[in-house]
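In: With the sequence up front, the predicted model follows.
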Amino acid sequence: MDNVAMIGVMTNRTKMNTDHVLENVTRSINFIWCWKIISVRITILRN
């Protein structure tokens, strides 16, 4: 395997990992937002 192919594989992997991380971060943010909205609604209902 020459260096060019090696670099190509590495950049591909890094890109996939970055996409994966971004996806997870987005999911976490959505999850947190859902919880915030739900808790706010519960608080409103209780009052």
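Out: The structure has been received and is ready for your questions.

In: Going by C-alpha atoms from here, please, whenever you check contacts or count neighbours.
Out: OK.

In: Show the residue spans covered by the helices in the chain.
Out: Taking DSSP state H, the helices of the chain run over residues 3-46.

In: so where is it shaky, pLDDT-wise?
Out: Of all residues in the chain, those with pLDDT under 70 make up the ranges 1.

In: go with 90
Out: Residue ranges of the chain with pLDDT under 90: 1-17, 46-47.

In: Please compute how far stretch 16-27 lies from its chain's middle.
Out: Offset of stretch 16-27 from its chain centre (CA atoms, centre = their mean, to the nearest Å): 4 Å.

In: Alpha carbons only: can I get it in PDB?
Out: The C-alpha coordinates for stretch 16-27 follow below in PDB (Å, rounded to 0.1, in the frame of the first residue of the first chain):
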ATOM      1  CA  MET A  16     -16.600   9.100   8.800                       C
ATOM      2  CA  ASN A  17     -15.700   9.400  12.500                       C
ATOM      3  CA  THR A  18     -16.400  13.200  12.400                       C
ATOM      4  CA  ASP A  19     -19.800  12.600  10.800                       C
ATOM      5  CA  HIS A  20     -20.500  10.000  13.400                       C
ATOM      6  CA  VAL A  21     -19.600  12.300  16.300                       C
ATOM      7  CA  LEU A  22     -21.600  15.200  14.800                       C
ATOM      8  CA  GLU A  23     -24.600  12.800  14.500                       C
ATOM      9  CA  ASN A  24     -24.200  11.800  18.200                       C
ATOM     10  CA  VAL A  25     -23.900  15.400  19.300                       C
ATOM     11  CA  THR A  26     -27.000  16.400  17.300                       C
ATOM     12  CA  ARG A  27     -28.900  13.600  18.900                       C
END
